[in-house]
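1. Need the 3D shape of this:
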Amino acid sequence: MSTFDRNSNMRYAAAGAQAQAGVYDEGLRAYMLGVYNYMALGLGITGVLALATAYFATTQDPAQAAATLGNGTLLTQLGVVLYGSPLKWVVMLAPLAMVFFLSFRIQSMSASTAQTTFWVYAALMGVSLSSIFLVYTGGSIARVFFITAASFGALSLYGYTTKKDLSGWGSFLFMGLIGIIIASLVNLFLASSALQFAISVIGVLVFAGLTAYDTQQIKEMYYAGDGSEVAKKKSIMGALRLYLDFINLFLMLLQLFGNRE
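-> Residues are numbered from 1 along each chain as shown. Reported below is the predicted structural model:
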């Protein structure tokens, strides 16, 4: 009788553990789906704003042109303000300021405020990235975008599914990121095509690694006991990290494979 009771208890314990594991897996999938949905919506906002800004900032009609770029692109008055006036520095730096603001203040924000801030950031990034349509052909931008999407998907899937601990990558990737920033600032003055090529190649490797690394880190941030408010803010911050990885990987690949106007 005692053996029967022990066996029954063991079966009940195993069934309970399986049920708990199933609930955890379901919660983790919902959490990661939320991260990817926020990221995808952010990318959608960025893309729409970039296209709309480029559309209204350029023209094919010489009568409506307020200025002409060296490659023959005709700018409207809006284009002159965005790309040819001191306001261009605000357009360039505003997304950077916003991402620091969101990163440092999200703990004190409500989840709805953090979400709104993320959408505003994605919109500002779209206005800032609109200038790529003045430099690269539309076909090459679309081609590189799909290459980036496929690469990002594979790398993020690896980060999510691998059993290997990627935390050791963090310090090397961070040093690589700092190196890219410093080299990019130096190249603003040198304007070296060879240095820019090296930055782009190293940048692709760094942001490819960050995609897998960040995905694993975001997955490990999940805690089944989090309330809805905390879980939503974690999803938004995870989406921001992956959004930045995607955008930077896209820009590095565009510099390597994009066809210039």
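2. shouldn't Ala57 be in contact with Ser130?
-> Yes. Contact criterion CB atoms under 8 Å: Ala57 and Ser130 qualify, at 6.6 Å. In short, each C-beta sits where N, CA and C put it, glycine included.
3. hey, what's in contact with both of these two?
-> Leu82 (CB atoms under 8 Å, 6 or more residues apart in numbering).
4. Mind pulling up the pLDDT for Met175?
-> Here the pLDDT value assigned to Met175 is 95.
5. Check the offset of the helix or strand containing it from the chain's centre.
-> Following DSSP states H and E, one finds Met175 within helix 169-190. Relative to its parent chain, helix 169-190 has a centroid offset of 18 Å by CA atoms, centre = their mean, to the nearest Å.
6. which outside residues touch that helix?
-> So helix 169-190 is contacted by 195-196, 198-199, 202-203, 205-206, 209-210, 212-213 (CB under 8 Å, 6+ apart).
7. burial of the nearest residue to Asp214 once chain neighbours are set aside, as a residue count?
-> For Asp214, ignoring the flanking residues on the chain, the nearest one in space by CB to CB, 6 or more residues apart in numbering is Arg241 at 4.6 Å. Neighbourhood size, Arg241 [other CB atoms under 10 Å]: 20.
8. ok, Arg241 to Asn248 distance?
-> From Arg241 across to Asn248, the span is 11 Å (CB to CB, to the nearest Å).
9. And Ser228, by the same measure?
-> 31 Å.
10. do the same with Trp119
-> Taking CB to CB, one finds Trp119 at 20 Å from Asn248.
11. again, but for Ala212
-> As for Ala212, its distance to Asn248 is 14 Å (criterion: CB to CB).
12. If you count surrounding residues, which of these two has more?
-> Ala212 (23 against 19).
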